[in-house]
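Just to be clear, the model below is a prediction. Sequence and coordinates:
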Amino acid sequence: MLVTFLLGVFVLIGAMVAFLANKKQKIIDFSLGLAFSVIVMLIILDLIPEVIEHLGLRYIWLFLIFVVLGYGLLRGLDHFIPNHHDHHKMTKKEESNNLAHIGIISSIALVIHNIIEGMAVYSTVLTDVSTGLMLAIGIGFHNLPLGMVIATTFYQANQKSKKVWLVIGGVAFSTLVGGIISLLLNNQVVPEWVVGSLLSLTLGMLLFILFSELWPRIKKTKFAHERNLGLLIGIVIMLISLVI
């Protein structure tokens with residue numbers, strides 16, 4: 001349980017870095033580039049291999065159904081979450097609201113993803129502590145930039161600090177929720193197709209965030225150098241976590 005709790009600390013560290021940084025607009029463009037590359041790498045290096053491992057070719061139809069369901073779920077929620085403006089010339093207030101919108105959508109997907117990761121880490125630590133710790137560190141590395149992105153989007157939207165930290169805390173410690181679920185299940189093995197379906201659902205949600213939320217913002221960033229640096233560092237962080 002302590003290891004699943006520590007997973008959330010990585011998200012908080014990333015958020016604190018974003019809050020303490022100066023030149024907020026540059027940090028925003030850096031964070032957007034970081035988020036884009038991290039999510040792309042997360043899908044390619046993490047989610048797709050895990051889905052294949054859990055579902056295989058036998059349940060490919062479940063993969064397709066849940067990817068579409070995940071994408072459609074966030075697309076449906078997209079219309080109910082306020083403050084979404086995505087035209088070319090946004091006012092400063094509309095731009096801030098748009099960032100808050102991205103933060104909310106991203107938080108929903110990441111909570112589901114982190115719960116699954118918490119369950120995986122909890123089960124691994126029970127089997128082999130050293131392997132579980134290394135898995136946790138690897139996952140923690142790619143949680144760092146995600147914490148930065150969520151904190152930056154909400155901060156720029158001029159949200160109240162208590163509200164921002166409440167959301168960040170919810171995302172951060174959703175890994176602990178995954179550990180608690182595994183504890184309540186009394187270490188029972190969750191069927192492979194269930195895990196694979198939930199991962200597919202998350203993958204669909206991340207695809208929506210990638211192409212419907214981040215890509216339009218990436219194209220309109222003011223500081224191309226910071227954006228490109230974020231893209232590069234996101235790739236490096238994910239490769240490090242993969243090696244670990």
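It's in.

When you work out contacts or count neighbours from here on, use the C-alpha atoms and nothing else.
Will do.

Go through this structure and flag its longest helix.
Longest helix in the chain by number of residues (criterion: DSSP state H): helix 92-127.

just the helices in this protein please.
2-20, 24-41, 48-55, 60-78, 92-127, 129-156, 161-172, 174-184, 192-208, 215-218, 224-243.

Any chance of CSV for those helices, columns mean neighbour count and mean pLDDT?
Converted to CSV, the helices of the chain look like this (neighbours: other C-alpha atoms under 10 Å; pLDDT from 0 to 100):
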stretch, mean neighbour count, mean pLDDT
helix 2-20, 20, 83
helix 24-41, 23, 80
helix 48-55, 17, 87
helix 60-78, 18, 87
helix 92-127, 21, 76
helix 129-156, 23, 76
helix 161-172, 18, 79
helix 174-184, 22, 88
helix 192-208, 23, 85
helix 215-218, 17, 81
helix 224-243, 18, 86
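
residue contacts, the most centrally placed residue in the chain?
With distances taken as C-alpha atoms, centre = their mean, the residue of the chain nearest its centroid is residue 110 (4.0 Å). By C-alpha atoms under 8 Å, 6 or more residues apart in numbering, the contact set of residue 110 is 171, 202.

what's the spacing between it and residue 223?
Taking C-alpha to C-alpha, to the nearest Å as the measure, residue 110 falls 26 Å from residue 223.

for residue 52, same thing?
Residue 52 sits 38 Å away from residue 223, taking C-alpha to C-alpha as the criterion.

again with residue 64
From residue 64 to residue 223 the distance is 37 Å (C-alpha to C-alpha).

try residue 213
From residue 213 across to residue 223, the span is 18 Å (C-alpha to C-alpha).

more neighbours, these two?
residue 213 (23 against 14; other C-alpha atoms under 10 Å).

Isn't that one up against residue 100?
No - with contact defined as C-alpha atoms under 8 Å, residue 213 does not reach residue 100; the gap is 11.1 Å.

didn't residue 229 look like it was pressed against residue 31?
No - under the criterion of C-alpha under 8 Å, residue 229 makes no contact with residue 31, lying 9.5 Å away.

what residues are up against the closest residue to residue 116 other than its chain neighbours?
Of all residues not flanking residue 116 in the chain, residue 178 sits nearest, at 6.0 Å (C-alpha to C-alpha, 6 or more residues apart in numbering). By C-alpha under 8 Å, 6+ apart, the residues touching residue 178 are 4, 114-119, 122.

Closest one of the residues you listed to residue 200?
residue 116 (11.4 Å; C-alpha to C-alpha).

Surely the closest one and residue 175 touch.
Yes - in this structure, residue 116 is within contact of residue 175 by C-alpha under 8 Å, at 7.4 Å.

about what we covered before: find residues that contact each of residue 213 and residue 100.
Common contacts of residue 213 and residue 100 (C-alpha under 8 Å, 6+ apart): none found.

re the thing from before, against residue 64, how distant is the residue nearest to the centre of the chain?
As judged by C-alpha to C-alpha, residue 110 and residue 64 stand 20 Å apart.

same check, this time on residue 217
Distance from residue 217 to residue 64, counting by C-alpha to C-alpha: 27 Å.

swap in residue 33?
From residue 33 to residue 64 the distance is 28 Å (C-alpha to C-alpha).

Next: residue 124.
To residue 64, residue 124 is 28 Å away according to C-alpha to C-alpha.

what does residue 192 give?
Residue 192 is 16 Å from residue 64, where distance means C-alpha to C-alpha.
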